[in-house]
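**Q** Quick one: sequence plus predicted model below, questions after.
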Amino acid sequence: MSVLRAESVTKLFGRKSAEAQRKLKAGAEPAAVRELGVTPAVVDATFEVRQGEIFVVMGLSGSGKSTLIRTLNGLLEVTSGRVEIDGQDIAKLSPKALRALRQNKVSMVFQHFALFPHRTVLANAAYGLEVRGVPKEMREKTAREFLGLVGLEGWENMRPGELSGGMKQRVGLARALASGTDIILMDEAFSALDPLIRREVQDLLLDLQARFGKTIVFITHDLNEAMRIGDRIAVMREGRIVQIGTAEEILTDPANDYVAQFVADVDRTKVLTASSVMEKPLVTVLATTGPRTALRTMREHQTSAAFVIGRDRRLVGRVRATVIADAVQDNVQSLDGLIDPEDPEPVAPDTPVADLFLRCAESDLPVPVADADGTLVGVIPRVTLLAALGAINSTVEPVVEDPQPALMKEGSGVDE
């Protein structure tokens, strides 16, 4: 269910905005509009943000992302289009109602912290509650709880000037969470931080999100940050949203050359998952199947092993042809005792490709992929993973030759 919706939002700066808007609707490029002395900061942006998701808006400097986020809580009035929060058009709210919306439903975390230098850490974290008229004892209790959650217990009486950049941003997070709003807008919130501290605060955000399930709109120009924390990503260029999708969708199916170039240097092994490289399991046998039938199935498919599943398609384990052949010789009538339930342990569909290489290298057979219910949804042969890696590398630069052809041959046997 969407809690925030932008429909054809356009924000123009300049005296001739009406004329510029007519040109844009007629298909004019932003450069033609700028000739009128008008800056098209946001053009025809449409999207929905679902409850509890982190929706990342990504783009280069000047793409319009910071302007866009300021239209979402009414800090900037749209030139045309509409912004809805919980189905309510915020442009139709009175100034008093709009202030109440910001106090109760939408909080914001800024790039440069926006802390009051004369207030203590505790007073800064409690500010949103203070504005709403919450009694001092209650608001300070709540603020202390959230400062503890962001790792600032014991720093309550310090001033912002005594904190590092990462600590200041933690205060901003604590203030947004303590306010109790359902929606949090974060405008380049981590861009002023050093890389190591930035990753720590990203981890903190993900941990807090898993606990509280807020609806977050996160603005960034850092592609790796967007790919790491975003449930979905909107890519902006010259005020327009050119693609919306998951990190995996944007990497594997870019909407145009601009997006393809934008994501060219991303480490795809950390973004793509098992579900994107797995194949359908071609050889499976039911747990109730007899050894002779199982052996015949494996011989027909020229494989030395098969996955065993229940009638509900849940993965039971794996049997090897050598074991089954011995059982047939001994006139064994059941697969009971022949199934290895840990050969090998399955991976989840959302397992990053980077985590699959060791698993595939350690196993002479394909790695199974099972969902949360244990249902077998796919397999990853070693040769398939290596081929996917080749495709990943070829998007960045052409591969001249295969440095280890023998490795490819090793992974292409009948077991695969």
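**A** Looks like it arrived, so ask away.

**Q** Now do the SS call for V171.
**A** Per DSSP: H, G, I helix; E, B strand; the rest coil, the local secondary structure of V171 is helix.

**Q** correct me, but it touches P160?
**A** Yes: A contact is recorded between V171 and P160 when judged using CB atoms under 8 Å, the distance being 7.1 Å. Glycine gets a C-beta too; all of them are placed from N, C-alpha and C.

**Q** Compare neighbour counts for those two and give me the winner.
**A** V171 (27 against 18; other CB atoms under 10 Å).

**Q** ok so, going back, give the residues shared as contacts by V171 and P160.
**A** Both V171 and P160 are in contact with 113, 115, 121, 124, where contact means CB atoms under 8 Å, 6 or more residues apart in numbering.

**Q** Farthest pair within the residues you listed?
**A** Pairwise distances across these (CB to CB) peak at 11.5 Å, for the pair F113 and V121.

**Q** For the two, list the residues in contact with both.
**A** The contact lists of F113 and V121 share 160, 171, where a contact means CB under 8 Å, 6+ apart.

**Q** Of these two, give the one with the bigger neighbour count.
**A** Taking other CB under 10 Å, F113 and V121 do not tie; V121 has more neighbours (26 against 20).

**Q** From D231, how far off is the more buried one?
**A** 30 Å (CB to CB, to the nearest Å).

**Q** what's the answer for R320, then?
**A** Distance from R320 to D231, by CB to CB: 41 Å.

**Q** neighbour count winner among these two?
**A** R320 (19 against 16).

**Q** Contact partners for the more buried one?
**A** Counting by CB under 8 Å, 6+ apart, the residues that R320 touches are 304-305, 340.

**Q** Closest one of those to T384?
**A** A305 (16.0 Å).

**Q** Next, the contact list for the closest one, please.
**A** 283, 298, 318-321, 365, 415.

**Q** How about T120?
**A** 156-159 are the contacts of T120 under CB under 8 Å, 6+ apart.

**Q** how about a markdown table for the residues you listed, with pLDDT, neighbour count and distance to T71 added?
**A** Putting the contacts of T120 into a markdown table (pLDDT from 0 to 100; neighbours: other CB atoms under 10 Å; distance: CB to CB, whole Å) gives the following:
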| residue | pLDDT | neighbour count | distance to T71 |
| --- | --- | --- | --- |
| E156 | 92 | 18 | 35 |
| N157 | 93 | 10 | 38 |
| M158 | 92 | 15 | 35 |
| R159 | 93 | 15 | 33 |
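
**Q** Among these, name the ones in helices.
**A** Of the contacts of T120, none are assigned to helices by DSSP state H.

**Q** Let me have these in CSV, extended by distance to R313.
**A** Formatted as CSV, the contacts of T120 follow (distance: CB to CB, whole Å):
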residue, distance to R313
E156, 54
N157, 59
M158, 57
R159, 60
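
**Q** for stretch 164-180, what is the average pLDDT?
**A** For stretch 164-180, mean pLDDT rounds to 89.

**Q** Tell me the buried residues in it?
**A** Residues of stretch 164-180 classed as buried: 165-180 (neighbour count, 16 or more other CB atoms under 10 Å).

**Q** And the contacts of the top helix by length along the chain?
**A** When the chain is parsed with DSSP H, its longest helix is helix 195-212. Residues from elsewhere that reach helix 195-212 (CB under 8 Å, 6+ apart): 54, 149-151, 164-166, 169-170, 173, 177, 190, 193, 214, 216, 225, 228-229.

**Q** Tell me which strands the following helix or strand past that helix pairs with, and in which orientation.
**A** Next helix or strand after helix 195-212 toward the C-terminus (DSSP states H and E): strand 215-220. Strand 215-220 sits in its sheet next to strand 54-58 (parallel), strand 183-187 (parallel), going by DSSP bridges.

**Q** Return the set of buried residues in stretch 325-332.
**A** Buried-residue list, stretch 325-332, by 16+ other CB under 10 Å: 327-328, 332.

**Q** Name the spans of the chain whose pLDDT lies under the cut-off.
**A** Within the chain, the ranges that satisfy pLDDT under 70 run 342-344, 388-416.

**Q** quick one on the thing from earlier: put the alpha carbons of the longest helix of the chain into PDB.
**A** Output of helix 195-212 as PDB, limited to C-alpha atoms (Å, rounded to 0.1, in the frame of the first residue of the first chain):
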ATOM      1  CA  PRO A 195      33.500   6.400   3.700                       C
ATOM      2  CA  LEU A 196      34.000   4.100   6.800                       C
ATOM      3  CA  ILE A 197      31.700   6.200   9.000                       C
ATOM      4  CA  ARG A 198      29.200   6.400   6.100                       C
ATOM      5  CA  ARG A 199      29.000   2.600   5.900                       C
ATOM      6  CA  GLU A 200      28.500   2.400   9.700                       C
ATOM      7  CA  VAL A 201      25.600   4.800   9.500                       C
ATOM      8  CA  GLN A 202      24.100   2.900   6.500                       C
ATOM      9  CA  ASP A 203      24.300  -0.300   8.600                       C
ATOM     10  CA  LEU A 204      22.600   1.600  11.400                       C
ATOM     11  CA  LEU A 205      19.800   2.800   9.200                       C
ATOM     12  CA  LEU A 206      19.200  -0.700   7.900                       C
ATOM     13  CA  ASP A 207      19.100  -2.100  11.400                       C
ATOM     14  CA  LEU A 208      16.700   0.600  12.600                       C
ATOM     15  CA  GLN A 209      14.500   0.100   9.500                       C
ATOM     16  CA  ALA A 210      14.300  -3.600  10.100                       C
ATOM     17  CA  ARG A 211      13.100  -2.800  13.600                       C
ATOM     18  CA  PHE A 212      10.700   0.100  13.000                       C
END
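
**Q** what's the angle from it to strand 215-220?
**A** 170 degrees (axes from the mean of the first three to the mean of the last three CA atoms, to 10 degrees).

**Q** Return the set of buried residues in helix 195-212.
**A** 197-198, 200-202, 204-205, 208-209.
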